[in-house]
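**Q** sequence isn't available, so here's the structure alone:
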């Protein structure tokens, strides 16, 4: 009589995946809560202790040779000429602001305003979009590129 071999294992319950699923769900809930709290929180306005001490309102004019003339908004006096291939930070910053104006369908007429504050910081504001660029956020060497447009400006 042939012997029957039974290779089947006795019925075992598969390991429960419930603890792993609960852990993933908990992690997801914490992440969503953190995002919701972060977005729901309005930024508290910081008390601005720095006061403007010097400003320059100017227009940027693209020239056919690739240079950019920076002219005072009031009288059109040439403040600086950015030659092709030079002053990449100034060129890139102004191009980004100008493109934002174009995307929003805004006029090129409102000037850009460069401001030096009594604490030594600099900012660039776009009069058309209201965008404000704290120039030291990009490092002192980049801020110095704009600082040279304001006579007597030294960065701290």
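**A** Arrived safely, thanks for sending. Remember, predicted model here, so these are calculated numbers, not experimental data.
**Q** can you show me the helices along the chain?
**A** Along the chain, the segments classed as helices by DSSP state H run 18-40, 88-103, 140-147.
**Q** for this structure, what are the low-confidence residue spans?
**A** Where the chain drops to pLDDT under 70, the residues are 1-15, 36-48, 153-156.
**Q** can we see that at 80?
**A** 1-48, 152-156 (pLDDT under 80).
**Q** tell me the centre residue of it?
**A** residue 133 (8.1 Å; Cα atoms, centre = their mean).
**Q** does that one have beta-bridge partners, and which?
**A** residue 124 (DSSP bridges).
**Q** isn't it up against residue 115?
**A** No. Because the distance of 10.6 Å does not satisfy Cβ atoms under 8 Å, residue 133 is recorded as not touching residue 115. Quick note: C-beta positions are derived from backbone N, CA and C, even for glycine.
**Q** joint contacts of those two?
**A** Contact criterion Cβ atoms under 8 Å, 6 or more residues apart in numbering; residues shared by residue 133 and residue 115: 123-125.
**Q** can you put those in CSV and add distance to residue 20 and neighbour count?
**A** Below are these laid out as CSV (distance: Cβ to Cβ, whole Å; neighbours: other Cβ atoms under 10 Å):
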residue, distance to residue 20, neighbour count
123, 51, 20
124, 51, 22
125, 52, 19
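**Q** which of those residues lies closest to residue 111?
**A** Residue 111 lies nearest to residue 125 out of the shared contacts of residue 133 and residue 115, by Cβ to Cβ, at 9.4 Å.
**Q** could you check how far the closest one is from residue 77?
**A** According to Cβ to Cβ, to the nearest Å, residue 125 and residue 77 sit 20 Å apart.
**Q** list the residues that contact residue 90.
**A** The contact partners of residue 90, by Cβ under 8 Å, 6+ apart, come to 68, 82, 145-146.
**Q** rerun that using 7 Å as the cut-off
**A** Under the criterion of Cβ atoms under 7 Å, 6 or more residues apart in numbering, the contact partners of residue 90 comprise 82, 145-146.
**Q** quick one: buried ones out of those?
**A** Neighbour-count burial within those applies to 82, 145-146; the criterion is 16 or more other Cβ atoms under 10 Å.
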